[in-house]
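1. coords please:
(one chain, ligands or ions: 1)
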Amino acid sequence: MKQLETDYLIIGSGASGMAFADTLVQESDATITIVDRHAKPGGHWNDAYPFVTLHQPSAFYGVNSMDLGANRKDTAGANQGMYELASGPEINGYYDKVMNQKLLPSGRVSYFPMSNYLAQDDSGKDDAGVHTFESILSGEKTQVNVRKKLVDANYYSPTVPSTHTRKFKVADGVRCIAPNALTQLWQTPSKEDRSTKFCIIGAGKTAMDAGIWLLNHGAAPDSISWVMPRDSWLVNRLTTQPGEEFFKDSIGGQVTQMACFANATSIDDLFLRMEASDQMLRIYPEHLPTMFHFATVSKGEIAMLQRIKNVIRMGRVQALEPANMVLDKGNVAMATGTLYIDCTASAVEPRAMPPIFDGNKIMLQLVRAPLPTFSAALIAYVEAHYTDEEQKNKLCGNVPFPHCLADYPRTMAANMTNQMHWGQDKALRNWMRDSRLDGFGKLMSNIDPSDLEKLKIIGDLRTQAMAAMANLPRLMAA
Ligand SMILES: Cc1cc2nc3c(=O)[nH]c(=O)nc-3n(C[C@H](O)[C@H](O)[C@H](O)COP(=O)(O)OP(=O)(O)OC[C@H]3O[C@@H](n4cnc5c(N)ncnc54)[C@H](O)[C@@H]3O)c2cc1C
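-> Down below sits the predicted model:
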């Protein structure tokens, strides 16, 4: 068996593993080995549908040491006037560049694509242990002696439609595709085989992207039906803009959100206040959402999606049969030949949250929701500069991803607690200020002292954040 020595072994070269490796290379002299099943870095972005984009601005996604995109604003389309959103191919190219132009040239990173991490060998020779991975192509095994830590960069690995296992049955002859296959429909041989009816299954961001793609590419709104087990609250993308010209929308938006948390009397009241103040959006105003996963959209996208009127709210699909769809709450007759688009992969499955730093293992998780790349980079910074595990876990408190509306106050409380700890640490504060992944950090620290309007917003943010903190326990209990 081949043998290797390394300080850190990272399982996964997705967005989390890459952000962690990049910051560790910048902040330490450690050696790093990265193992991944995929042929290219970028994780699930390798399997994404061709029309995927980030739903947040590129300006604060990726790794710390390399910009993603050119910080331009879109001048056309549903994101017009706001900062660019990297496309899937752009993200894949970006991670290729990060690996080949940053990490590998550092001389301290080794990368093993097309390799499966197998397990830790319990007979470990030292503190961190001996680990094994296997080449997918040759079956050859490599044993890695890890001097410092194993880094699991899979906690927030999403499942995506092209690779997930469907939870519903599809009868022979019924056409059900992943959204990846939509762009291949031009290859459909004869007119008779082409679909005139489409049915989107799923209520998340992928389903929304599929709907917008269909509408943008000529499908008539009344040819589309949409199975929506739950309506969702959506973040108004205007509140996520990093440029100074959006200060009132982004930082001012934070003040508004804090005020909503401070004054809400129930979970629904919280979201309705957020909607009334333009922080949150929903597609169908007559339906009260019961889901919130931080999906982020523009009002232009909402207007497009509202053109789809045939929304089926009868729970989840159990089976697709010829001319019939079986759902939790009954059957719906469907046109023969309907093309079903499976958007049901669940981005983030609920699961337990172990401590981020645990002996010789680091489990990358969110320390600020919903930003996995900022979180991974911050964890790497803490790993590089602090020794005491209790202090590390205090600085990197787990932030739970909300799985239902009632989880959101807990997510916010954990975000705010971390922010408070970071604010008390000057070195970390300085690192954050310079980090491109910390969306608003620069915006807040570069205020001209004579700009009284912005200073007032910052003051209001402090006041409202304290009031929000005081009301959060009540909302969590609700
Ligand atoms: C459509 C879509 C859009 C999104 N848009 C945004 C956005 O705008 N902003 C945002 O912050 N987040 C967004 N997300 C969330 C997204 O999940 C994260 O940004 C991030 O890409 C997750 O990366 P990851 O590294 O945690 O997981 P992954 O990308 O899944 O990477 C994990 C890697 O580990 C590898 N691996 C797992 N087990 C093993 C093993 N045993 N051996 C070897 N390799 C292994 C896998 O092959 C994979 O490459 C989006 C998600 C989706 C699905």
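
2. from the contact counts, what lies against the helix or strand that contains Glu453?
-> Using DSSP states H and E, Glu453 sits within helix 452-477. When contacts are defined as 3 or more CB pairs under 8 Å, 6 or more residues apart in numbering; DSSP states H and E, helix 452-477 packs onto helix 247-263, helix 408-423. C-beta: built from backbone N, CA, C; applies to glycine.

3. which of the ones you listed is buried the deepest?
-> Comparing the helices and strands packed on helix 452-477 by mean neighbour count (mean count of other CB atoms under 10 Å), helix 247-263 ranks first with a mean of 20.

4. re the thing from before, now the helix holding Glu453: buried residues?
-> By neighbour count with 16 or more other CB atoms under 10 Å, helix 452-477 contains the buried residues Lys454, Ile457, Ile458, Asp460, Leu461, Gln464, Ala465, Ala468, Met469, Asn471, Leu472, Leu475.

5. how about the nearest residue to Ala86, chain neighbours excluded?
-> Ser58 (4.2 Å; CB to CB, 6 or more residues apart in numbering).

6. can you pull the contacts of that neighbour?
-> Leu68, Gly69, Asn71, Tyr83, Glu84, Leu85, Ala86, Glu90 (CB atoms under 8 Å, 6 or more residues apart in numbering).

7. show me what contacts the third one?
-> Listed by CB under 8 Å, 6+ apart, the contact set of Asn71 reads Ser58, Ala59, Tyr83, Glu84.

8. quick revisit: in JSON lines, list the helices and strands packed on helix 452-477 along with distance to the ligand and mean pLDDT.
-> Listed next are the helices and strands packed on helix 452-477 as JSON lines, based on distance: least, CB to the nearest ligand atom, whole Å; pLDDT from 0 to 100:
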{"stretch": "helix 247-263", "distance to the ligand": "16", "mean pLDDT": "97"}
{"stretch": "helix 408-423", "distance to the ligand": "14", "mean pLDDT": "97"}
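
9. would you turn those helices into TSV with distance to Asp209?
-> Output for these, formatted as TSV (distance: least, CB to CB, whole Å):
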stretch	distance to Asp209
helix 247-263	23
helix 408-423	23
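
10. coming back round to it: can you give the distance of the helix holding Glu453 from its chain's centre?
-> Offset of helix 452-477 from its chain centre (CA atoms, centre = their mean, to the nearest Å): 26 Å.

11. equivalent analysis for stretch 277-287, please.
-> Here the centre of stretch 277-287 is set off from its chain's centre by 21 Å, with CA atoms, centre = their mean.

12. how about the helices in this protein?
-> For the chain, the helices defined by DSSP state H cover 15-27, 88-97, 205-216, 247-263, 267-276, 299-305, 372-385, 389-395, 408-423, 426-434, 441-445, 452-477.

13. and those helices as TSV, adding distance to Val52?
-> Shown next, in TSV, are these (distance: least, CB to CB, whole Å):
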stretch	distance to Val52
helix 15-27	13
helix 88-97	4
helix 205-216	6
helix 247-263	24
helix 267-276	26
helix 299-305	14
helix 372-385	16
helix 389-395	33
helix 408-423	24
helix 426-434	29
helix 441-445	27
helix 452-477	33
